[in-house]
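A.B. asks: Take this sequence and fold it.
(5 chains, ligands or ions: 4)
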Amino acid sequence: MLKTEELNSGYGDVQILWNFNLEIEEGTITALIGSNGVGKTTFLRTVIGLLKPYSGRITYRDEDITNEDLIARVKRGIVMIPEGRQLYRGMTVEENLKMGAYARNDSKNRIMQDLEWVYSILPRLKERRKQPTGTLSGGEAQMCAIARGLMGNPKLLLIDELSLGLAPVIVDDLVKLLKELNSQKGVTILLVDQDVQTALEIAQKGYVVVNGRVEMKGDARELLKNPEIQKAYLGI
Amino acid sequence: MLPQAIINGILLGAVYGTIGIGFSLVWGVMNIINLAHGSFIMIGAYLSYTIYTVYGIDPFLSIPIVMVLLFLIGYAIQRYLMNLVVRGSVFITLTFTFGLQILIANICLLIWKADYRSINLSYSGASIPIGGVVIPVVRLGIFAVAILLTFLFYIFMKRTKIGLAINATAQNYEGARVVGVDVKNIYSITMGVSAALAGVSGSLIAPIMSINPFIGGPLIGKAFVICVLGGLGSTVGALAGGLVLALVETIGTSFIPSSFQNLLGFVVLVLVLIFMPRGLFGKRLYNE
Amino acid sequence: MKDEIILYGEKVTKTFGALRAVWEVDFSVRRNEIFGIIGPNGAGKTTLLSMINGTLHVTRGSIHYKGINITNWKPHRIAELGISRTFQIVKPFPGMTLLENVSIGALFGKDKIVNIRKAQERARYVLSRLNLTEKEQAPVETLNVSERKRLELARAMAMDPDLILLDEVMAGSSPADLEKIMELIVELNREGKTILLIEHVMKAIMSISHRIMVLHHGEKIAEDKPENISKNDKVISAYLGSKYVKRSQQNA
Amino acid sequence: MNKKLISIIISVAILSLLPFLVTGFWVRLLTNIFMFAILASALNIISGFTGYAAFGNMVFFGVGAYTVAVLMNKYHFSFISSFIAAGFISILLALILGFLLLRLKGHYFALGTLGAAEAIKYIIDNLTELTGGAQGITIPSMKGGPFLINISFYFIMFALLVIIVIFTWWLSKSRLGYTFKAIRANEEAASVMGINTTIYKIVAWSLAGLFTGLAGAIYAYWFSYIDPPTVFDVMWVVRMFVIILIGGAGTVFGPVIGAFLLEGLSELVWSNFLNLHLGILGILIIITILIIPNGLASLTTEGKGLKGLLESIRKNRVNAL
Amino acid sequence: FAGGQKEVKKAERTEIRIGASVSLSGSLSRFGNLVKNGYELWKDTVNAKGGIQVGDKKLPVKIIYYDDQSDNQTSAKLTEKLITQDKVDFLLGPYGSGPTFATTAIAEKYNKITIATLANATKIYNRGFKNVFSVLSPGSWIFYSFIDMLANLPNKPSKVAIITPNDLFPVTVAKGAKEYAEKKGFKVVYYEEYSKGVQDLSSTILKIKNSGAEVLMGSGYLAEAILTVRQLKEQNVKLKAIAFTTGPELIDFQKNLGDDANYVFGVSWWMPQMKYSGPVFGSAADYAKKYKEKFGAGLTYQAAAASQGGVLLQLAIEKAGSLDTEAVRNALKSYKGTTFWGPTEFNEKGQNIAGGTVTFQLQNGEKVTVWPPAAATGKPVYPMP
Ligand SMILES: Nc1ncnc2c1ncn2[C@@H]1O[C@H](COP(=O)(O)OP(=O)(O)OP(=O)(O)O)[C@@H](O)[C@H]1O
Ligand SMILES: Nc1ncnc2c1ncn2[C@@H]1O[C@H](COP(=O)(O)OP(=O)(O)OP(=O)(O)O)[C@@H](O)[C@H]1O
Ligand SMILES: [Mg+2]
Ligand SMILES: [Mg+2]
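C.D. replies: Ligands and ions are numbered 1, 2, ... in the order given. Reported below is the predicted structural model:
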């Protein structure tokens, strides 16, 4: 579904990604793991179009989208749940969620249905629907960001730090949710998370990033059993 | 005397409100104190004046034309100039709009000269006596238009997709991009809408005040006060701010010498800031 | 001496309109203890911490530190007493380098070093303990998540506090970094500092805390040793989830 | 560093000799530039270092000027004693306004100071008995020939400028300077570090007020006639912001460089384009911001030669959307 | 050392250098440009005859202009430039009392004479300066002719109201009017100084209505005059007469107000209909004709006063026979005479104490001079219909 070839990217003079090759199959969950600062966020930002790559190619469903702008990519169904949440602090939870559907051309009805659906899976948000998101607790804000992403009716969902700051129960719920999305709605997911165990448990495929390069890739279960990985990322 | 002063205040307040709304919008969304806003109002007044003198079209009827023209001006200025610096600090954008203001004033000076102008309608000066008070017809019309447009603008911001997007962009630039908002365009639209509203204010003041290329400065002073009184980022607030300022001015000066009129406005401003730092209707988290 | 209580709160309450963010919470922290706070998202942990260090106004109740009633003191006065904190949503000083950021902590904080050079020395020392020496001259804008969190920690440490309030400093850190931060916290504790710790990373908080308090809907629902907390039914249903229990049993 | 010091010493020497060699007009022009450099440096303390856009800073200029005017005109004080009084009153005013307004943040603070400044202007405007109201007030002119008068004011302004520059230089290296910068960067974090932000903000505001007020005091005596619209003119503050911007905010010499460039250039280059010069000023502001938004001081740090210069211009540009 | 401060030797002179810093841009530019027209007209007239007779030589006049941008600070700077860089011999003043304060202080420092053409705030002349001479009579006099006219009406009113923006010149005018009206037996039932630059006068108008005034005298500028007339009508306030200092004489006034401008009175220092005449320009009508030839329509007293400033300077130089400040000052001091502008005589302070004022009324688009009788071209319409 998504493929990057020899991608080089970074911020101005600071190159972060080096010849980055990655491939995601339609309908799968892929995990991207790596220590802090290796370039995971940078990769996601390049894929969604917030950053322009220096060189290389990005293809989506076999179309070259390297030179497409962010809006076109969102319209194609690539949706990102960004690091740091990036909510609209002065607007209410509900307004934030509605903004999630900004790029969709669906009828108002469809969107309202989705809103109810999102509320049903994250009831805490329904309780707080009229609260400005700037005053939510850290975890509530994270839920709101995820819900906003879901409102974009994603085909490919890029999630940056799913579990950051969330209570374990909530993480469990969200993991269940992602699995459902993937299996029932066919949403393809690229997941970045520091909780490597959880990430690899739900993913089919995993990529390990070191210093802006793909260092290892393969079946998620296998990676989970790989002693090197266990030592470096699972603290076992 | 007091009832008349209140009526005068309310009628004037709606106009003040329109002055504040566009100013507050740009401030809230882009965190820009647009010192050129007064110049937009002035251009609006001149356009209205020119359309009236050349084509004889009543300023109330030409409001849509003026709005469209000013929307285009505002849009273009944002798109091709302001977007280049809008991510700079407050000082930078502020000084930038100051430069713009001087430039616009001087261009207008070249086109329209320094003469005072105003629109003299056949029905200007007419008034309806009710009980012990009189209601000037022109001001009543202006009041009605101002309220109507404020209402439409409110609906626009709350109910339309573009309105929501403007708001969202205001509060999280990157967050807006991520959901697919074309922020360049949204910023330009915001400035365009703000300028269009300024155009409305201009059209509305042309029949009741005298215009020349230097009225921009004093109008900005008013816009500041209105905006802070009402609270940033709130349409209702801007209207309320306008009404409060106008009422303070008209009622206040009914009892104390008129030379305190300007003083009153600023004293109220400072008091409101001290006791209600977000104004009467200001929202939390708006540009904090 | 060891069990002396240096910080305690009585019926500490914070409401936002009708919302009971923190409701009549009694708590006490002993000298040289690592005191953990956990609870679901929105339970009021950050709010409680903000009330302790004065950035939020206390609605009701009182907070005492070393026998002084510090309820609703200004943040800077509380800092002068030797309490420092980190922010869950990091608040670096933008436009300044890492070294400058941390130096400010040393210049103020508890012992207010007046000499800039001395302050920088202290800042360098702290940065080295956090593995940030290389980035000393980097503008803070270029830091990644874990570096930002460590910067928060560095600034707090540079103030040379007796009590450190840590709000999710480990969130977003990779296991390797996590390990290092945990070690550092334990080390600081050994050096005599009292630590109040909020964290959702169970691995960390369960292993280094001496005692843990659990908040839920603003109220305290449990307070105990870590091993007992992880078995507490209320805590499991409200916060940990059954999967956690399963997994930790597996790992054990 | 050494090179910098030498060039500073040379500049000071040249500026000390200059008034003996040029005509009265040039002396006035330089005095005027010094005044703007002082005003901009003062504003730089509260706005550049501490990050508070003090839009109403002219209030100190006006109050300083009026202190001198009223004391000399009504109570026949000498200039020296009125000057000192102006300093005290400026600080007093800064304390009062500071306690009222410094709780405000960002734009709201800018507006609060503006409101206070305008309010005080109108109060002075209405205290006709004392201040002459809108009709202005005259100050007894200095006695002596034109040459003596000219160089006296020249050196008074010059001395004040040197003092404020030395002060800013010290500030940039001191603990106080760090404090101001921390407040600018993030006030909440600063207070958690143990900084009593209220007090320090008032200190910054008082320093800015003191220097601005003293400049106003000299201005009144120099000009010998003042009225409220002139000495409380908001547009002057905007001009100071432009100066700071051209030179570089939060730097020591930025405001001085900016003052020389803006005031000097405007005199030499475009004041001769009757009718057009204001428009040119507008264009200049816009272009400056498009090209060097962080001021000239930001350019010296990058490599040498034209390439280095272009490089640093590129780096310092505000990123377009 | 002080080389820059020395005077140029007078022997090598080929021209008379005169400096004028006026507002050509900014808020006062409208009037600044009228003033410049006046100066230019005088200069051309003089130079057409070969210049001014100084002793045995005829020297042409050169006027150096700078634009003060309607800013006092700038006008002081430019005056210093005119004196020390351009070495002018004399100065012609700017438009308005504010900048004149600034420029005359500089001129006094260098001992240069200024003919203040459009500045008559009393305070300017109370500073003990030796080198400033006013073309206009004291500002406080301007309503005198209007008040005289009212006093001579058969059905004369008894209650008058006076309003003014609180600005230097207008307040001087309003205070003078109040004093004189009371002296003439009128009751000033309402007197108010309102904030300068306001865009709404409704409360002031209300207070006028409540005071029961029959006649309104408005000091101030064009914008305020227009605003007053318009809001009087809006608030349904009917008065028997309305008079303004600035406004009715300008075309803008009628353009802006249309029919509502009809029957408004204006007071002025000068009207082309006045029957004065004298050297240089001949009669007032001659002057008006010359002005029209050069600049078209739009002659106002501002331009005439500026020309008169030149004339006074010229007469004094001719009388003194030199360009020496001392000599010219003495000549001005002892001057007593009449020109197209009217009579002039200076008191100790340099104010013109011989001048008078005129009142005119807008009658169906015409400016009809109605007072003093000697200059009148028609009868006042009173009360306004
Ligand atoms: N705006 C920027 N300019 C320069 N360098 C940057 C910028 N933003 C991030 N970096 C650097 O890029 C590197 C990669 O950052 P990135 O955020 O992609 O890492 P990450 O893998 O997502 O790490 P984390 O797990 O901490 O989120 C980091 O070392 C960071 O310092
Ligand atoms: N200013 C405010 N106005 C209204 N509600 C607020 C405000 N600040 C916090 N809240 C609410 O108070 C509750 C407690 O928030 P707090 O930040 O203390 O949670 P927390 O326990 O730290 O959660 P997390 O683990 O997600 O960080 C939340 O429901 C939050 O939405
Ligand atoms: Mg990341
Ligand atoms: Mg929290």
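A.B. asks: relative to its centroid, which residue of chain B is most remote?
C.D. replies: Here the centre of chain B is the reference, and by Cα atoms, centre = their mean the most remote residue is residue B:131, at 32.5 Å.
A.B. asks: mind listing what it touches?
C.D. replies: residue B:3 (Cβ atoms under 8 Å, 6 or more residues apart in numbering or on different chains). Just so you know, the C-beta spots here come from the backbone N, C-alpha and C atoms, and that holds for glycine as well.
A.B. asks: Stretch A:130-147 near chain D anywhere?
C.D. replies: No: on the criterion Cβ under 8 Å from any Cβ of the partner chain, stretch A:130-147 is out of touch with chain D, staying 13.9 Å away.
A.B. asks: which stretches of the stretch 51-200 of chain E form strands?
C.D. replies: Under the criterion DSSP state E, counting those that start in this stretch, strands of the stretch 51-200 of chain E are mapped to E:52-54, E:57-59, E:61-67, E:90-92, E:113-116, E:132-134, E:159-165, E:187-194.
A.B. asks: Other residues contacting the helix or strand where residue D:282 lies?
C.D. replies: Per DSSP states H and E: residue D:282 is located in helix D:277-291. For helix D:277-291, the external contacting residues (Cβ under 8 Å, 6+ apart) are B:81, B:84-85, B:88, B:92, B:95-96, B:98-107, D:242, D:245-246, D:266, D:270-271, D:273, D:313, D:317-318, E:25-26, E:67, E:69.
A.B. asks: if we go to 6 Å?
C.D. replies: Residues outside helix D:277-291 that contact it (Cβ atoms under 6 Å, 6 or more residues apart in numbering or on different chains): B:84-85, B:92, B:96, B:99, B:102-103, B:106, D:242, D:246, D:270-271, E:25.
A.B. asks: now residue E:39, nearest residue through space, not along the chain?
C.D. replies: Distances taken as Cβ to Cβ, 6 or more residues apart in numbering or on different chains put residue E:306 closest to residue E:39, at 5.2 Å, once the chain neighbours are dropped.
A.B. asks: Contacts only, for the one you found.
C.D. replies: Counting by Cβ under 6 Å, 6+ apart, residue E:306 makes contact with E:35, E:38, E:39, E:117.
A.B. asks: The last one and residue E:303 touch, don't they?
C.D. replies: No: Residue E:117 lies out of contact with residue E:303 (Cβ atoms under 6 Å); the separation is 9.8 Å.
A.B. asks: Verify the assumption that the residue nearest to residue E:39 is located in a helix.
C.D. replies: Yes: counting by DSSP: H, G, I helix; E, B strand; the rest coil, residue E:306 falls inside a helix.
A.B. asks: Quickly note the distance from it to ligand 2.
C.D. replies: Residue E:306 sits 66 Å away from ligand 2, going by Cβ to the nearest ligand atom, to the nearest Å.
A.B. asks: and what of residue E:305?
C.D. replies: According to Cβ to the nearest ligand atom, residue E:305 and ligand 2 sit 66 Å apart.
A.B. asks: Residue C:70 too?
C.D. replies: 19 Å.
A.B. asks: Neighbours of that residue, how many?
C.D. replies: Applying other Cβ atoms under 10 Å in any protein chain shown, we find 20 residues neighbouring residue C:70.
A.B. asks: now swap in residue B:50 and tell me
C.D. replies: By the criterion of other Cβ under 10 Å, residue B:50 has 16 neighbours.
A.B. asks: cool, residue E:338 as well?
C.D. replies: Neighbours around residue E:338, by other Cβ under 10 Å: 14.
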